[in-house]
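Visitor: A predicted structure for the sequence below; I have some questions about it.
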Amino acid sequence: MKKSQLPVKTCVVCARPFNWRKKWARDWENVKYCSKKCSSTKTHQ
């Protein structure tokens, strides 16, 4: 599969699009944040 064909989501904190990654293969439906920084920012608000 080409990288351009991978699923895309939008981060709930920074509103930037991010692509599917192999490390998220099992839990892609529950992934909300593009990075650890965005994930930690959301918990502090």
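Guide: Good, I have the coordinates.

Visitor: Any idea how far apart the tips of stretch 2-10 sit?
Guide: 20 Å (Cα to Cα, to the nearest Å).

Visitor: which residues touch that stretch?
Guide: 16-20, 28, 31-32 (Cβ atoms under 8 Å, 6 or more residues apart in numbering). C-beta: built from backbone N, CA, C; applies to glycine.

Visitor: of all those residues, which comes closest to residue 1?
Guide: Nearest to residue 1 out of these is residue 20 (Cβ to Cβ; 9.4 Å).

Visitor: Helix, strand or coil: sort out residue 18 for me.
Guide: Under DSSP: H, G, I helix; E, B strand; the rest coil, the three-state class of residue 18 is strand.

Visitor: Nearest residue to it in space, ignoring adjacent ones along the chain?
Guide: residue 34 (3.9 Å; Cβ to Cβ, 6 or more residues apart in numbering).

Visitor: what's the one you found in contact with, if anything?
Guide: 11, 13-14, 16, 18.

Visitor: Relative to residue 1, how far out is it?
Guide: As judged by Cβ to Cβ, to the nearest Å, residue 34 and residue 1 stand 20 Å apart.

Visitor: just residue 13 next, same as before
Guide: Distance from residue 13 to residue 1, by Cβ to Cβ: 27 Å.

Visitor: okay, those two: which has more neighbours?
Guide: Taking neighbours as other Cβ atoms under 10 Å, residue 13 and residue 1 compare with residue 13 leading, 16 against 6.

Visitor: I'd say that one and residue 33 touch.
Guide: Yes - between residue 13 and residue 33 a contact is recorded at 6.1 Å, counting by Cβ atoms under 8 Å.

Visitor: shared neighbours, these two?
Guide: Joint contacts of residue 13 and residue 33 (Cβ under 8 Å, 6+ apart) are 39, 42.
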